[in-house]
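1. sequence and predicted structure are below.
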Amino acid sequence: MRRLEVRAPDGLPEVREGDDLAALVAGAVEVRDGDVVVVTSKVVSKAEGRVRPGEREAAVAEETVRTVARRGPTLIVRNPLGLTMAAAGVDASNVPVGSVALLPVDPDASARRLRASLRRLTGANVGVVVTDTAGRAWRQGQTDIAIGAAGVRVAEDHAGRTDTHGNPLHVTLPALADEIAGAADLVQGKLAARPVAVLSGRADLVLPPGDDGPGAASLVRTEGEDLFGYGAREAVVRALSGSEEDRAPFGRPVPHVELVQAMARVPLDRTAVAAVCFAHGWALEGWQESGGDVVVSVSPRTT
């Protein structure tokens with residue numbers, strides 16, 4: 001039988017810029033070898049001075065690398081960490097009125113520093129996960145995910161294994177760090193003032209001292225690998241506008257046969273065909289109409 005325990009201490013003081021977060025954690029809850037310490041990005045940001053006066057809209061604009069989707073006032077954007085989040089992860093809750101909290105500059109580095117400090121203060125070899133709240137494209141509600149990690153196996157690749165029936169597994173990749181984040185949120189709560197949790201019972205996920213692992217950044221898909229680099233409406237606009245700077249999220253050029261199949265699904269119109277080419281990593285180079293026939297020439301893009 002496997003047992004998992006997650007506990008979140010009450011009574012942590014308000015975290016301010018310059019506070020020793022490791023000392024606060026060590027003073028609030030006992031940690032042992034093999035535990036995973038989970039902290040919200042909000043308290044990490046507060047300790048690191050990432051809370052500043054200003055309007056949320058201006059901060060979102062500054063933290064936006066590109067807009068992924070928009071619905072009315074809601075913006076889903078890719079931020080400098082490569083995360084695709086509502087409002088770039090900028091938050092105006094649990095901070096002084098007129099202020100906003102930005103995400104840590106490097107959450108993985110924040111996790112590494114916290115892990116090292118906890119080791120020095122307690123002698124325990126723990127893993128650390130830094131979390132933030134994110135929505136899901138196909139489901140209502142939000143859950144916590146790992147945006148920073150140190151000393152933790154963040155994923156487990158099952159490719160090449162077989163299940164109990166002998167079926168081969170090809171793409172199964174449990175995001176362990178995200179599962180830890182979700183478990184911690186069950187005891188932390190969004191409004192309960194418990195920004196720290198300790199998960200016990202999965203020492204097998206904690207790496208040896210000196211090995212911080214690849215961090216949560218390794219869970220972020222690179223540009224062009226995401227099947228949903230743009231929202232449905234935004235993708236139409238970007239493909240029709242055809243700006244070179246918008247190419248990367250659409251991914252590498254598809255095979256020629258796949259492009260031809262896609263072109264056959266749209267009206268035989270130069271604008272429509274050019275947009276399909278753009279969205280599939282190709283460029284429309286020529287268009288000739290003769291006797292009711294159309295001759296199209298295309299080329300794959302390398303930029």
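-> All right, it came through fine. This is a predicted model, so every value here is computed, not measured. Numbering: from 1, shown residues only.

2. my guess is Asp108 contacts Gly213, does it?
-> No: if you go by CB atoms under 8 Å, Asp108 and Gly213 don't touch, sitting 9.1 Å apart. Every C-beta, even on glycine, is put in place using the N, C-alpha and C of the backbone.

3. these two: who's more crowded?
-> Asp108 (24 against 21; other CB atoms under 10 Å).

4. so how far is Arg265 from the more buried one?
-> Taking CB to CB, to the nearest Å as the measure, Asp108 falls 42 Å from Arg265.

5. joint contacts of Asp108 and Gly213?
-> 149-150 (CB atoms under 8 Å, 6 or more residues apart in numbering).

6. can you give me the helices in the protein?
-> Taking DSSP state H, the helices of the chain run over residues 21-28, 41-47, 56-62, 107-122, 176-188, 232-241, 256-263, 270-279.

7. nearest to Ser93, of the ones you listed?
-> Nearest of the helices of the chain to Ser93, taken as CB to CB: helix 41-47 at 8.3 Å.

8. Val39 is in contact with Ser117, isn't it?
-> No: counting by CB under 8 Å, Val39 does not reach Ser117; the two are 11.9 Å apart.

9. neighbour-wise, which of these two wins?
-> Val39 (26 against 17).

10. ok, back up a step: name the residues contacting each of Val39 and Ser117.
-> Common contacts of Val39 and Ser117 (CB under 8 Å, 6+ apart): Leu21.

11. run the chain-centre distance for stretch 108-126.
-> Centroid separation between stretch 108-126 and its chain, computed with CA atoms, centre = their mean, to the nearest Å, is 23 Å.

12. and the contacts of that stretch?
-> Outside stretch 108-126, the residues touching it (CB under 8 Å, 6+ apart) are 20-23, 25-26, 31-37, 39, 44, 48, 104, 127-130, 148-151, 206, 208-209, 212, 215-217.

13. what's the domain layout of the protein?
-> Following automatic domain parsing, one finds the domains of the chain at 5-50+103-219, 232-300.

14. and the residue most central in space within the chain, backbone torsions?
-> Nearest to the geometric centre of the chain sits Leu83, at 3.7 Å (CA atoms, centre = their mean). With angles defined as degrees, to the nearest 10, Leu83 shows backbone torsions of phi -80, psi 140.

15. just the pLDDT for it.
-> What the model reports as pLDDT for Leu83 is 95.

16. equivalent analysis for the one 3 residues further on, please.
-> In this prediction, Ala86 carries a pLDDT score of 93.

17. then Val77?
-> Val77 carries a pLDDT value of 95.

18. tell me, how many residues neighbour it?
-> 22.

19. might one say that the residue nearest to the centre of the chain is in contact with Leu219?
-> No: here Leu83 does not reach Leu219: they are 9.7 Å apart, not a contact under CB under 8 Å.

20. check contacts around Gly215.
-> Neighbour list for Gly215: 107-108, 111-112, 148-150, 154 [criterion: CB under 8 Å, 6+ apart].

21. let's see it at 10 Å
-> 106-109, 111-112, 130, 146-152, 154, 177 (CB atoms under 10 Å, 6 or more residues apart in numbering).

22. of the residues you listed, which is the nearest to Val15?
-> For the contacts of Gly215, the closest approach to Val15 (CB to CB) belongs to Val130, at 13.3 Å.

23. could I get the pLDDT score of the closest one?
-> Listed pLDDT for Val130 reads 98.

24. what does the one 10 residues further on give?
-> The confidence metric pLDDT takes the value 94 at Gln140.

25. related to what we said a few turns ago, now tabulate the helices of the chain in JSON lines and tack on distance to Arg194.
-> Supplementary listing: the helices of the chain in JSON lines, determined by distance: least, CB to CB, whole Å:
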{"stretch": "helix 21-28", "distance to Arg194": "10"}
{"stretch": "helix 41-47", "distance to Arg194": "10"}
{"stretch": "helix 56-62", "distance to Arg194": "25"}
{"stretch": "helix 107-122", "distance to Arg194": "17"}
{"stretch": "helix 176-188", "distance to Arg194": "5"}
{"stretch": "helix 232-241", "distance to Arg194": "37"}
{"stretch": "helix 256-263", "distance to Arg194": "50"}
{"stretch": "helix 270-279", "distance to Arg194": "45"}
